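**Q** Here is a sequence with its predicted model. Questions after.
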Amino acid sequence: MKPLPKRKSTRLKEYDYSQFGFYFITICLKERKEFFSKVIDGKVILTEFGKIVEDILIDLPKYYNIEIDSYIIMPDHIHIIIVVDNDPTREKNISTKIETLSDVIGKFKSYSTKRIKTQLKGTQDFKWQKSFYDRIIRSEKELYQIRKYIEENPLRWEIEKHYSENLEM
């Protein structure tokens, strides 16, 4: 069997992804299958898959030193702004201190896949893409623009899903 090619990391080299910061995350489903929601007249209607993903996403701050600033669950991907806060001087009742942002995303994907396959029988073809897109948010202006992008994502869905060149922010 031919070995798989070595994947190039999309993470910023020598950046500590466990330090405080705002991070824009996009996670897609394999083959961009539309499991999570339907977009009708610019509004997102979650499916059972989407409801499970939302429940797990909302619960992540209970277990990790993060906050969910904003998010949208689209039919075949999700956008999230995650705030990492590993400041040891802050009192939080957290059982697990994260090592990196990748750890949180990995756990999120694992938990959601397991729960979907357990609760929704016959969904063995549900799979996340192997990696995820991240962007370190570096300013208030950029944070505002990304929040706006997330909020308006459903309005652009019908146009953008047919024209991939429009997917750039």
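**A** Done, it's in. Numbering: from 1, shown residues only.
**Q** To what extent is residue 27 buried, counted in neighbours?
**A** Using other Cβ atoms under 10 Å, residue 27 is surrounded by 19 other residues. The C-beta positions use only the backbone N, C-alpha and C, and glycine is treated the same way.
**Q** Could you number the chain from 772 rather than 1 from now on?
**A** Okay, residue one is now 772; in that scheme the one you just asked about reads as residue 798.
**Q** Show me what it is bridged to.
**A** Taking DSSP bridges, one obtains residue 849 as the residues bridged to residue 798.
**Q** how far away is residue 846 from residue 897?
**A** 13 Å (Cβ to Cβ, to the nearest Å).
**Q** who touches both of these two?
**A** Common contacts of residue 846 and residue 897, defined by Cβ atoms under 8 Å, 6 or more residues apart in numbering, comprise residue 806.
**Q** Have a look at the two and say which one is more surrounded.
**A** residue 846 (22 against 16).
**Q** Could you confirm that one falls within a helix?
**A** No. Counting by DSSP: H, G, I helix; E, B strand; the rest coil, residue 846 falls outside a helix, being coil.
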